[in-house]
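J.: Sequence first, predicted model second:
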Number of protein chains: 2
Amino acid sequence: MKPSQPSRARGFLLTDHYHLTASQLYFRMGLHERRVQFDHFFRSYPNYGEHQAGYCVTAGLEWLLDWMQETRATDDDIAYLGALEGAVGKPLFDRDFLAWLGENGDFSDISMRAIPEGRVVHANVPLTVVEGPLAMAQILETPLLNHLNYQSLIATKAARIHSAGRGRPLLEFGLRRAPASGASAGTRAALIGGADATSNIGMARLLGYPPKGTHAHSLVQVFMALGEGEIGAFRAFAEVYPDDCLLLVDTIDTLGSGVPNAIKVFEELRRKGHRPLGIRLDSGDLAYLAIQAAAMLDVAGFDETSIVLSSGLDELAIWQILTQIEEEAPRYGVDADRLIGRLVYGVGTHLITSGSSGLNGVYKAVALREGEDWRPMLKISEAPRKTPNPGAKTAWRVYDRRGRATADVLASIDEEPPTDGSLTLHHPVRRGITRTLERDEISEIERLLEPVLDRGERLREPEALDIMRRRRQADLERLDPGVRRLINPHVYHVSLTTQLWELKRRLVAETRGAG
Amino acid sequence: MKPSQPSRARGFLLTDHYHLTASQLYFRMGLHERRVQFDHFFRSYPNYGEHQAGYCVTAGLEWLLDWMQETRATDDDIAYLGALEGAVGKPLFDRDFLAWLGENGDFSDISMRAIPEGRVVHANVPLTVVEGPLAMAQILETPLLNHLNYQSLIATKAARIHSAGRGRPLLEFGLRRAPASGASAGTRAALIGGADATSNIGMARLLGYPPKGTHAHSLVQVFMALGEGEIGAFRAFAEVYPDDCLLLVDTIDTLGSGVPNAIKVFEELRRKGHRPLGIRLDSGDLAYLAIQAAAMLDVAGFDETSIVLSSGLDELAIWQILTQIEEEAPRYGVDADRLIGRLVYGVGTHLITSGSSGLNGVYKAVALREGEDWRPMLKISEAPRKTPNPGAKTAWRVYDRRGRATADVLASIDEEPPTDGSLTLHHPVRRGITRTLERDEISEIERLLEPVLDRGERLREPEALDIMRRRRQADLERLDPGVRRLINPHVYHVSLTTQLWELKRRLVAETRGAG
């Protein structure tokens, strides 16, 4: 009767088929409980077609941790796997492996270090380091990436849009264009990254942020069909929401009908002692219309009402609008700064989809436990920049004298940041390219990864979104403005210590010799 | 303790804030149960940056219908809304409205016509027509678009990739790059649109398709770290999966190590009476490597093994690879057609994200019930092509003598397709641009919209995915190859009947006169 019951596709089996076949192989070879480390990192910043990000904002960790704690292989999952067949019709998974999986198919033996949510992060720096038994750490690959890639992608886009809008309120309006139920994660990430509120009531409730909204064209259309016109719709809205009156003015003709009608209704509200909130522009030349609408509102004495802009906005559109306002407003006697100071942005599609094809976060095996030691692991790639940095590692952020982040440094796990002398930074790929920082040029060396999970136990309380939002704001302030540029950002340095560089070089040579 | 419990953001409140404020307004004005019609359609084909689609494939309907039947406002939802405050701290929603919503907050009074899933569809043609009481039909806007926009976007991308691959098997590998839990809807849509299987086990189970996969680089890395090398990993794989042996050959050096080692293991399998399945190439120049690998496999007598290609594929990458194989294979004594006939494509990121910023599906009020009649409603836009087609409508597809779809036609709801004479098609925007088809040039006029819901009752059984897949295949075969082109497709005609064109013209004139 119901072949399409979406609510079931959650839980343990929301992973890739090849992780389970690999796990059975490890089980068969007696390797499944051998401890291993995986690094999760992204290879390059999101590419939006005509422009590219210079930094990312990390998000998704708390939801990943929740998922790991809630999820285990159920009897149902095991039964499904038991029924799968290989190419010649024999069962793909054997009973002994399935019995082991039924018993051990959870994440209670996984430990994790991670860069907290909301931080500014860079390519090739491990954002999450997973340590655990080979089979379960491998099965975790896909759910981990699924939780972190998309949220980090959206948090990054939100940060870009928010900063293009010069900190004016940013409303997330994307539920209708969002990737189905991915909307929930996307809305959360948008709030971490820079959105100030969302129109998605369900997520607003979940996250404890008041939902926001205006009204739709259909409201005006209904009153027009009833013969009461746009003004009838506005009056009805003002009557029902006298203290929350924000009117959409572009259903018929923005400057010829919408704004004059809105002003008429605002005057009626003012006479009754209410303060109208503002107008929304959703089509046309938003910069020009905002200037003209502001001029008309000013004349009528409504110079503090908001002007909400929506319709296809992203960071470049907002940047263009503000540039145009600065250029054109004075010509109409409107103060550009004051006008910009009353703008609010409603962003849908381009925020919740990011306008890119995704963040290329990967999860790479870097070390295998060998007695008391971690044996480094490598995967060579024909493109040297795609050869991951091997071994158990740590990551530091180096701040210059001004307190600006100047580089992220990857080091082997047993290294400590220098307290005096100098720090030599190696280019991750090109031999002989180094940069030396004297210790007194450095104001701080910060450890980026924090322990979050110890054999399945959470090491700290879940964090409030506001903490993540402040963290993002603080990190952005310490980032070089060149790296924050919307287009052609300056490339932030991610370097290796001498010890890690030497390890990588040695392993590449050994691997090429093996095969 | 748990501010981030994702499972809660489902259900009735997964809609936009402004639909609920509008519904209260309608309630206050006594309009909330007035019946209305909304058209859902998309305005333009997905844009992938350097290229654009010429058609879409619709998907998501069954899940939307499931959601509508399962969802209603709960006491919890009502309590949350009751606690929301407006700008001056007063409750935003009044008790009488909330009492009505608690009683009537479901979709049991909604009727719907829709174009079934898997069909090829075009811009501005209503894919879904909703008829119901104003308040609930308005609240449905966002969940409807959320369910249909993303799935149709992904089904479309899958159809493009599948056809670029000349029908060779397409495996959906995108869970790790998917938009969080949106992966479920995306995987389903990929299967409707052209993927033949998925690596996402949870969705494979849900949809009844066997999950597929190969193995990861980490498997080889583990055996290398243990000193057993790539060949050790391949032998272990062959031992555990002798009849499902598909080896990833690019961890170290594809042609220098991976393919020779794979052939060695394949020979061992053959001696034991097993047939190896093939190899996977995941980096480098995939066309060149596929040719060389095929040549080596052929010499060793494995000329029927599959060659799975993955790594950043989309429709253009596949098209380029096949073009290059046709050009280059003969130079190495490899038959290009035979090689193409053994390819399998594994596509992740660009399928599950679509590589675009989304499908711009909208939901526009088109008619209001007035006694026994539907009064047409209009929203004017400054861009004439964005002015929706007004009134209660129907949609036909016109096939030419060869059985090829030649145009979609929008008509008023009371019109019938002509049985003789001719059919005049009006350009939807530009006056005076018409095209006349004599009835004997037309082999068939098909009604596109089917009744699917009658006041909340489903009018047919949920459909199997295979039916949708066959429907897509049949529609693509009847589509002009020019419209199917990957780049610069021919624009498919979507036209209006004379009656609908006249209605639109009259309403635009009246609306401009009103205001």
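T.: Cool, got the structure.
J.: The stretch 101-250 of chain A: strands as residue ranges?
T.: Here the stretch 101-250 of chain A has its strands, by DSSP state E, counting those that start in this stretch, at A:111-114, A:120-121, A:128-133, A:170-172, A:197-198, A:246-248.
J.: ok now the third one, how far from the chain's centre?
T.: Strand A:128-133 sits 22 Å away from the centroid of its parent chain (Cα atoms, centre = their mean, to the nearest Å).
J.: ok, back up a step: okay, the strands of the stretch 101-250 of chain A in TSV with distance to A:Glu33 next?
T.: Quick note: C-beta positions are derived from backbone N, CA and C, even for glycine. Listed next are these as TSV, based on distance: least, Cβ to Cβ, whole Å:
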stretch	distance to A:Glu33
strand A:111-114	14
strand A:120-121	32
strand A:128-133	4
strand A:170-172	44
strand A:197-198	43
strand A:246-248	59
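J.: where do the helices sit along the stretch 51-200 of chain A?
T.: In the stretch 51-200 of chain A, the helices defined using DSSP state H, counting those that start in this stretch lie at A:61-70, A:75-83, A:95-104, A:134-139, A:141-164, A:183-193.
J.: Please apply the same query to the stretch 301-450 of chain A.
T.: Counting by DSSP H, counting those that start in this stretch, residue ranges of the helices within the stretch 301-450 of chain A are A:315-328, A:336-340, A:349-352.
J.: for these, which one sits closest to A:Glu446?
T.: helix A:315-328 (27.7 Å; Cβ to Cβ).
J.: Name the residues of that closest one that are buried.
T.: For helix A:315-328, a neighbour-count test (16 or more other Cβ atoms under 10 Å in any protein chain shown) marks A:315-319, A:321-322, A:324-325, A:328 as buried.
J.: What number of residues are in the vicinity of the residue lying closest to A:Pro133 once chain neighbours are set aside?
T.: Once flanking residues are discounted, A:Pro133 sits nearest to A:Glu33: 4.5 Å by Cβ to Cβ, 6 or more residues apart in numbering or on different chains. A count of nearby residues for A:Glu33, using other Cβ atoms under 10 Å in any protein chain shown, gives 16.
J.: give the contact list for A:Glu33.
T.: A:Glu33 makes contacts with A:133-135, as judged by Cβ atoms under 8 Å, 6 or more residues apart in numbering or on different chains.
J.: Ramachandran coordinates for it?
T.: With angles defined as degrees, to the nearest 10, A:Glu33 sits at phi -110, psi 0.
J.: Show me what residue of chain A gets nearest to chain B.
T.: Closest residue of chain A to chain B, Cβ to the nearest Cβ: A:Gly182 (2.6 Å).
J.: from memory that residue sits against B:Ala178, does it?
T.: Yes - checked against Cβ atoms under 8 Å, the pair A:Gly182 and B:Ala178 is within contact range at 7.3 Å.
J.: between the two, who's got more neighbours?
T.: More crowded of A:Gly182 and B:Ala178, by other Cβ under 10 Å: B:Ala178, with 32 against 26.
J.: residue contacts, that one?
T.: Listed by Cβ under 8 Å, 6+ apart, the contact partners of B:Ala178 are A:146, A:150, A:179, A:182, B:186-187, B:352-353.
J.: let's see it at 6 Å
T.: With contacts defined as Cβ atoms under 6 Å, 6 or more residues apart in numbering or on different chains, the neighbours of B:Ala178 are A:146, B:186, B:352.
J.: same thing with A:Thr187?
T.: Contact partners of A:Thr187, counting by Cβ under 6 Å, 6+ apart, are A:172, A:198, A:200, A:203.
J.: Isn't the first one up against A:Thr198?
T.: Yes - with the criterion set as Cβ atoms under 6 Å, A:Glu172 and A:Thr198 qualify as a contacting pair; they are 4.0 Å apart.
J.: Now do the buried residues in the worst-scoring helix or strand of chain A on mean pLDDT.
T.: Across the helices and strands of chain A, mean pLDDT, DSSP states H and E gives its lowest value to helix A:498-513, namely a mean of 90. Buried residues in helix A:498-513, counting neighbours by 16+ other Cβ under 10 Å, are found at A:500-501, A:503-504, A:507, A:511.
J.: Which residues does that helix contact?
T.: A:378, A:380, A:390-391, A:410-412, A:415, A:424, A:426.
J.: ok, now with 7 Å
T.: Outside helix A:498-513, the residues within contact range by Cβ atoms under 7 Å, 6 or more residues apart in numbering or on different chains are A:376, A:378, A:380, A:387, A:389-391, A:393, A:410-412, A:415, A:424, A:426, A:496, B:252.
J.: Taking the residues you listed together, which two end up most distant?
T.: Greatest spatial distance in the contacts of helix A:498-513: A:Thr424 and B:Ile252, 30.0 Å, computed using Cβ to Cβ.
J.: More neighbours: the two, which one.
T.: Neighbours were counted for A:Thr424 and for B:Ile252 using other Cβ under 10 Å; B:Ile252 has more, 23 against 16.
J.: Tell me who's in contact with A:Asp335.
T.: Neighbour list for A:Asp335: A:Ala329 [criterion: Cβ under 7 Å, 6+ apart].
J.: pretty sure A:Ala189 is touching A:Ala59, no?
T.: Yes - the pair A:Ala189 / A:Ala59 is scored as a contact, 4.4 Å apart, by Cβ atoms under 7 Å.
J.: still on that earlier bit, which one of the buried residues of helix A:498-513 sits closest to A:Val491?
T.: Nearest member of the buried residues of helix A:498-513 to A:Val491, counting by Cβ to Cβ, is A:Trp501, at 18.6 Å.
J.: And that closest one, how far from A:Ile467?
T.: Going from A:Trp501 to A:Ile467 by Cβ to Cβ, to the nearest Å gives 35 Å.
J.: Can you name the residues of the stretch 201-350 of chain A that neighbour chain B?
T.: Applying Cβ under 7 Å from any Cβ of the partner chain, we find that the stretch 201-350 of chain A lies next to chain B at A:201-203, A:205-206, A:210-219, A:221-222, A:224-225, A:229-230, A:236-237, A:240-241, A:243-244, A:251-253, A:256-257, A:277, A:283-284, A:349-350.
J.: JSON lines please, covering the contacts of B:Ala178 and showing distance to A:Thr71, neighbour count and pLDDT.
T.: Converted to JSON lines, those look like this (distance: Cβ to Cβ, whole Å; neighbours: other Cβ atoms under 10 Å in any protein chain shown; pLDDT from 0 to 100):
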{"residue": "A:Asn146", "distance to A:Thr71": "12", "neighbour count": "30", "pLDDT": "97"}
{"residue": "B:Gly186", "distance to A:Thr71": "20", "neighbour count": "33", "pLDDT": "97"}
{"residue": "B:Ile352", "distance to A:Thr71": "21", "neighbour count": "32", "pLDDT": "97"}
